[in-house]
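Novice: With the sequence up front, the predicted model follows.
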Amino acid sequence: PAGRRPPWRKVASWLTPEAQQRAGRVGAEDFVESVPLFWRSQLARVRSKQALKLIRQLGGDNVVGWLKHRSAGKLSALMEQLFAWKAELPECIVLVQVGDYFEAWGADAVMLVQWGAVNPMARKPRAGFPATAASLQQALDNLTGADLSVAVVVQTGRPGPPHQPREIKQVVTPGAPTYL
């Protein structure tokens with residue numbers, strides 16, 4: 001039908017074919033070798049039903065686990081930035097301010113749903129929460145309490161324009177969990 005987006009292209013699942021057939025929990029051995037060992041072990045800790053559903057949507061040959069849309073042809077400027085931040089900080093969850101929300105994609109969204117008590121967005125491996133100081137610190141407390149580090153990316157431009165400049169403001173760790 002007109003106006004309907006084409007389905008996501010399955011580049012490659014992060015799960016082995018055997019694990020794709022099973023329902024329920026996954027172990028580190030259920031991920032293909034191209035998935036970094038750090039993320040295999042983190043994703044194997046996931047227990048919530050919503051987060052497990054997101055794991056089954058992870059794929060692609062990138063550090064995020066985000067599949068490109070068929071019609072896109074190329075990544076958006078924000079996704080290109082996200083891939084660069086993940087390459088710089090591959091073992092951090094990257095939370096990106098997008099307008100009035102902080103959002104995460106791919107494996108980072110799985111962790112945010114599992115540990116941050118956040119719901120997924122639009123049935124995709126994407127999750128977010130309002131960009132308030134209290135919400136951000138609560139999410140950081142939950143994630144660092146689960147022994148995860150988080151890169152907080154904020155908008156640095158004036159509100160309004162669609163393509164906002166962004167920068168990593170702080171990396172929050174279990175040893176230093178307070179966002180300044």
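Specialist: In hand now; what should we look at?
Novice: all strands of the chain, in order?
Specialist: Taking DSSP state E, the strands of the chain run over residues 92-98, 101-105, 126-130, 149-155, 166-172.
Novice: Throw those into a markdown table and include mean pLDDT, distance to Gln57 and mean neighbour count, thanks.
Specialist: The way it works is simple: take the backbone N, C-alpha and C, and place the C-beta from them, glycine included. Shown next, in a markdown table, are those (pLDDT from 0 to 100; distance: least, C-beta to C-beta, whole Å; neighbours: other C-beta atoms under 10 Å):
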| stretch | mean pLDDT | distance to Gln57 | mean neighbour count |
| --- | --- | --- | --- |
| strand 92-98 | 96 | 17 | 23 |
| strand 101-105 | 95 | 11 | 23 |
| strand 126-130 | 95 | 9 | 20 |
| strand 149-155 | 96 | 21 | 21 |
| strand 166-172 | 95 | 25 | 16 |
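Novice: May I see the ones you listed arranged in TSV, with distance to Asp141 as well?
Specialist: TSV is the format used below for these (distance: least, C-beta to C-beta, whole Å):
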stretch	distance to Asp141
strand 92-98	13
strand 101-105	14
strand 126-130	13
strand 149-155	10
strand 166-172	9
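Novice: nearest to Lys49, of the ones you listed?
Specialist: strand 126-130 (14.2 Å; C-beta to C-beta).
Novice: quick one, what contacts Phe38?
Specialist: Pro90, Glu91 (C-beta atoms under 8 Å, 6 or more residues apart in numbering).
Novice: Output stretch 54-69 as CSV, restricted to C-alpha atoms.
Specialist: What follows is stretch 54-69, C-alpha atoms only, in CSV (Å, rounded to 0.1, in the frame of the first residue of the first chain):
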residue,chain,number,x,y,z
LEU,A,54,14.9,-7.0,20.6
ILE,A,55,17.9,-9.4,20.5
ARG,A,56,16.2,-11.3,17.8
GLN,A,57,16.1,-8.1,15.7
LEU,A,58,19.8,-7.4,15.9
GLY,A,59,21.8,-8.0,12.8
GLY,A,60,24.1,-6.4,10.3
ASP,A,61,27.9,-6.2,10.2
ASN,A,62,28.2,-3.1,12.4
VAL,A,63,29.1,-2.6,16.0
VAL,A,64,25.5,-1.4,16.8
GLY,A,65,23.5,-4.3,15.5
TRP,A,66,21.3,-2.0,13.5
LEU,A,67,20.0,-3.1,10.1
LYS,A,68,19.8,-0.5,7.4
HIS,A,69,16.4,0.1,5.8
